[in-house]
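**Q** Show me the folded form of this:
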Amino acid sequence: MSKSWLNLSWILLHLFIFQFSPRISAIRNDIGFQENPICRNTVQGRYLLSDDNGYVCDGLLMDPQSRCCPGKGVKYSCHGCNLLSQCCNSYEFCVSCCLNPARTQKEQALKVKIAKQATAGTYASVFDFCAGRCRHNSESVVHENAYLSEFHHCFSLPLNSSGASNSYLEGILNGINVIVGRQSESCNSVCKSNGQSCVPNKLLVLNQCDIMQKYLSCKGACLASMGADQPAEVVDDAPKNLNPGACLFTQAQSMLSCDGSHPFTRRLCPCA
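**A** This is a model prediction of the structure:
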C-alpha cells in the first residue's frame with residue numbers, strides 16, 4: 001500500500017511539473033530554407049560572360065545552377081575601358097563597368113528608350129540597360145558599316161538623353177581655357193595665338209555633344225564622324241554633304257590631336 005502511494009505521488013509530481021513548466025516547441029521558427037541566388041548573365045561572348053552582380057568570368061566557371069560567376073576578382077571591373085568616354089573594347093567588361101551604381105544611376109537608366117521609335121519601351125532594370133547599351137549601337141559606327149574605334153562597346157547614356165550629367169566632365173576642365181578656333185585652324189595654332197598651349201588629354205573631354213553645345217551653336221545637330229580635326233563645328237558655307245552647322249565628335253580616340261585641322265570646320269580647343 002505504501003509502495004502504491006509512493007508511485008502515485010511520483011506520478012502526480014511529474015504531472016504538476018509538466019503542467020506548470022514553460023512549453024518548449026519542437027519546431028524551430030528561426031531556420032528557413034536557404035535560397036540559392038539566380039543570376040542573369042550576358043551569355044553572348046565565346047569565352048566570357050558578365051552576371052548581374054557585376055562580375056566577369058570564363059563561361060566554363062559559371063555555376064550551372066545559379067548561373068552566377070564565382071564572385072572572385074574585381075566587381076564592376078572596367079578592364080579595357082576608357083572611363084572618360086565610357087567605352088570599352090570588350091562587351092562583357094562594358095556591362096560589368098556599367099553596372100557600378102557610381103557610374104550608372106538607376107533612375108536615369110530606366111528612362112532610356114530601348115529603341116528610337118516613339119512607341120519603344122524602356123529598360124526594366126540596370127542590367128537590361130547595360131546589356132543593351134553595351135551592344136553595338138549607331139553612336140559607335142560610321143557609314144553604318146565600320147566601327148569608329150576598337151572601343152565600340154559604350155555604356156554612356158544616349159547623347160540626347162536629358163538624364164546625362166556632365167558635371168564630372170566640366171570639373172575636369174577647371175583651369176582650361178576653351179577657345180573656338182577660326183576656320184581651318186589647328187588647336188596648336190589657336191592656343192598659341194592666345195599665348196597658351198593646347199592640352200591634348202582634354203580634347204576627349206570636349207569630345208562630348210553636350211559640352212560642345214555649350215560653346216558652339218550646333219545648328220545641324222551633333223554627329224559622329226572621323227578625322228583629326230574634332231571636336232569641331234562645320235562652317236555654314238561648307239558643302240551640303242558635309243552637314244553645314246553640325247557639331248562633329250569622334251569615338252576614335254587615337255585620332256584626337258592638337259594638330260588636326262579641316263578647311264570647313266572650326267575646332268573647339270582646350271588651352272592652358
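**Q** quick one, strands of the stretch 101-250 of the chain?
**A** Ranges of strands within the stretch 101-250 of the chain are 141-142, 146-147, 153-154, 177-183, 222-224, 232-234, 247-249, based on DSSP state E, counting those that start in this stretch.
**Q** Using a markdown table, please lay out those strands together with mean pLDDT, mean neighbour count and distance to Leu268.
**A** All C-beta atoms are positioned from the backbone trio N, CA, C, and that covers glycine. Output for the strands of the stretch 101-250 of the chain, formatted as a markdown table (pLDDT from 0 to 100; neighbours: other C-beta atoms under 10 Å; distance: least, C-beta to C-beta, whole Å):
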| stretch | mean pLDDT | mean neighbour count | distance to Leu268 |
| --- | --- | --- | --- |
| strand 141-142 | 53 | 16 | 20 |
| strand 146-147 | 60 | 12 | 24 |
| strand 153-154 | 86 | 25 | 21 |
| strand 177-183 | 94 | 17 | 6 |
| strand 222-224 | 85 | 19 | 12 |
| strand 232-234 | 94 | 28 | 6 |
| strand 247-249 | 91 | 26 | 8 |
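**Q** closest one to Ala118 among these?
**A** Nearest of the strands of the stretch 101-250 of the chain to Ala118, taken as C-beta to C-beta: strand 222-224 at 20.6 Å.
**Q** want to throw the strands of the stretch 101-250 of the chain into CSV with distance to Asp259?
**A** Compiled in CSV, the strands of the stretch 101-250 of the chain are given as follows (distance: least, C-beta to C-beta, whole Å):
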stretch, distance to Asp259
strand 141-142, 21
strand 146-147, 24
strand 153-154, 26
strand 177-183, 12
strand 222-224, 21
strand 232-234, 13
strand 247-249, 17
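**Q** between the ones you listed, which gets nearest to Phe93?
**A** Comparing the strands of the stretch 101-250 of the chain by C-beta to C-beta, strand 153-154 comes nearest, at 8.0 Å.
**Q** helices or strands up against that closest one?
**A** The contact analysis (3 or more C-beta pairs under 8 Å, 6 or more residues apart in numbering; DSSP states H and E) places strand 153-154 against strand 87-88, helix 91-98.
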